[in-house]
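Student: I'll drop the sequence and a predicted model, then ask my questions.
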Amino acid sequence: MVVINDDANSDSYEFMDIQVKTDDSSCLTTVENPTLITTTNHQVVKLQLNATSSSHTKCCVCRENLRDHAVKITSRDRDFIFFSRNIWIPEGARYCSGHLINNLLSKEAVDQIKPFSIRYQELSSSDVQLLLSKAQTLFENGKKRFSLDDPRDLNDDEYCLLTSFGHVTREDVIGGHTTAITQELMCGGDSTDIPIIIIDGAHLYIQKSRNNEFQRKTFNLYKKGSLLKSMMIVTTTDYIVACIEPFMSDFNNNDGAIMKDIYLLNNDHILSWLFFALFA
């Protein structure tokens with residue numbers, strides 16, 4: 001057991017629960033307290049880590065051969081994966097550009113990473129202090145709620161589960177998201193098994209594209225600009241039930257044509273949700 005006391009006049013001592021090897025001795029010494037304040041200049045900490053490969057020819061995420069546009073992993077992604085997945089990615093490792101969303105590794109890519117080997121990594125005292133500082137910053141700044149704008153917070157399946165027809169039942173819409181006056185006007189106040197929803201197009205303005213074909217398909221004569229159109233499905237209390245993917249906004253894609261397409265393709269199983277009694 002090694003006792004570390006930086007102040008010769010102090011009676012307080014600190015112990016470390018790590019392996020320490022000094023330059024003047026080949027002996028490994030185990031100490032007990034996980035708190036590390038300072039070490040001597042010649043001490044090196046040897047850690048056993050789950051590590052990915054550091055090859056420049058294979059992707060460290062999917063382990064496929066790298067093709068064009070390989071990306072070198074950033075220190076931010078390395079720290080995030082180390083503290084969230086307990087996987088060490090060696091500096092200089094590369095991955096496919098398809099794993100990126102907004103210059104960050106996607107959540108699917110982070111979940112896909114698996115350790116390739118056990119790596120013994122030697123860290124100096126300053127390296128350990130830097131890791132502790134990064135870990136503290138990461139957890140202090142950790143978000144308590146997810147953000148739909150952050151691609152790492154949810155994967156594709158979770159987005160569909162939380163935003164499509166599957167996230168709310170017909171009974172919830174009828175009982176909790178339908179106003180009394182709507183029930184009276186549309187159903188005479190008698191029916192309690194008919195969901196009432198509002199479907200309308202929502203426009204999203206975009207920059208003018210340099211691709212002539214795409215520009216023609218996104219230019220809206222009525223709005224006098226380039227935009228995409230999504231079909232918003234909401235209740236009478238403004239609760240958003242679903243948003244069906246963006247469509248081109250040229251003259252071929254009016255609201256009626258889009259709704260016909262949605263019904264024919266049965267997007268998000270909308271038919272079974274709307275006409276539950278017919279499909280039960």
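Tutor: Alright, I've got the coordinates.
Student: those strands in the chain, which residues are they?
Tutor: Ranges of strands in the chain, per DSSP state E, are 19-22, 29-30, 43-51, 71-72, 94-95, 100-101, 104-105, 117-124, 197-205, 219-220, 225-235, 240-248.
Student: In TSV: these, plus mean pLDDT.
Tutor: Formatted as TSV, the strands of the chain follow (pLDDT from 0 to 100):
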stretch	mean pLDDT
strand 19-22	44
strand 29-30	40
strand 43-51	83
strand 71-72	87
strand 94-95	88
strand 100-101	84
strand 104-105	82
strand 117-124	83
strand 197-205	87
strand 219-220	82
strand 225-235	88
strand 240-248	86
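Student: okay if I get the ones you listed as a markdown table plus mean neighbour count and distance to E64?
Tutor: (Each C-beta comes from the backbone N, C-alpha and C, glycine too.) Converted to a markdown table, the strands of the chain look like this (neighbours: other CB atoms under 10 Å; distance: least, CB to CB, whole Å):
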| stretch | mean neighbour count | distance to E64 |
| --- | --- | --- |
| strand 19-22 | 16 | 36 |
| strand 29-30 | 12 | 40 |
| strand 43-51 | 16 | 18 |
| strand 71-72 | 14 | 14 |
| strand 94-95 | 22 | 10 |
| strand 100-101 | 15 | 15 |
| strand 104-105 | 20 | 15 |
| strand 117-124 | 12 | 18 |
| strand 197-205 | 14 | 34 |
| strand 219-220 | 18 | 39 |
| strand 225-235 | 18 | 33 |
| strand 240-248 | 18 | 29 |
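Student: Any idea which of those gets closest to T182?
Tutor: Within the strands of the chain, the stretch nearest T182 is strand 225-235; the backing value is 8.8 Å (CB to CB).
Student: elements contacting the closest one?
Tutor: strand 197-205, helix 212-218, strand 219-220, strand 240-248, helix 255-265 (3 or more CB pairs under 8 Å, 6 or more residues apart in numbering; DSSP states H and E).
Student: Can you list the strands that the fourth one pairs with?
Tutor: The reference is to strand 240-248. strand 225-235 (antiparallel) (DSSP bridges).
Student: what's in contact with the strand it pairs with?
Tutor: 173, 177-178, 195-209, 215, 218-220, 240-249, 253, 255, 258-259, 262 (CB atoms under 8 Å, 6 or more residues apart in numbering).
Student: okay but E122 is in contact with V44, surely?
Tutor: Yes. Under the criterion of CB atoms under 8 Å, E122 is in contact with V44, at a separation of 5.0 Å.
Student: of all the strands of the chain, which lies closest to N267?
Tutor: It is, among those and with distance given as CB to CB, strand 240-248, at 5.3 Å.
Student: Between helix 255-265 and the closest one, find me the angle.
Tutor: If you take axes from the mean of the first three to the mean of the last three CA atoms, to 10 degrees, strand 240-248 sits at 110 degrees to helix 255-265.
Student: who's in contact with strand 240-248?
Tutor: Contacts with strand 240-248, where a contact means CB under 8 Å, 6+ apart, come from 163-165, 168, 173, 197, 202, 204, 217-218, 228-235, 253, 258, 261-262, 267-268, 270.
Student: one more time with 6 Å, if that's ok
Tutor: 164-165, 217-218, 228-234, 253, 258, 262, 267-268 (CB atoms under 6 Å, 6 or more residues apart in numbering).
Student: Check stretch 73-92 too.
Tutor: So stretch 73-92 is contacted by 49-52, 54, 60, 93, 105, 113, 115, 134-135, 138 (CB under 6 Å, 6+ apart).
Student: mind putting those in TSV, distance to C187 included?
Tutor: Formatted as TSV, the contacts of stretch 73-92 follow (distance: CB to CB, whole Å):
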residue	distance to C187
L49	63
N50	59
A51	63
T52	59
S54	65
C60	58
A93	61
L105	50
I113	53
P115	59
K134	59
A135	57
L138	53
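Student: Go through the residues you listed and say which is closest to Q183.
Tutor: L105 (48.0 Å).
Student: the domain parsing of this structure - what is it?
Tutor: Split into domains by automatic domain parsing, the chain comes to 19-140, 164-279.
Student: These: which one's closest to D156?
Tutor: Closest among those, once you apply CB to CB, is domain 19-140, at 7.1 Å.
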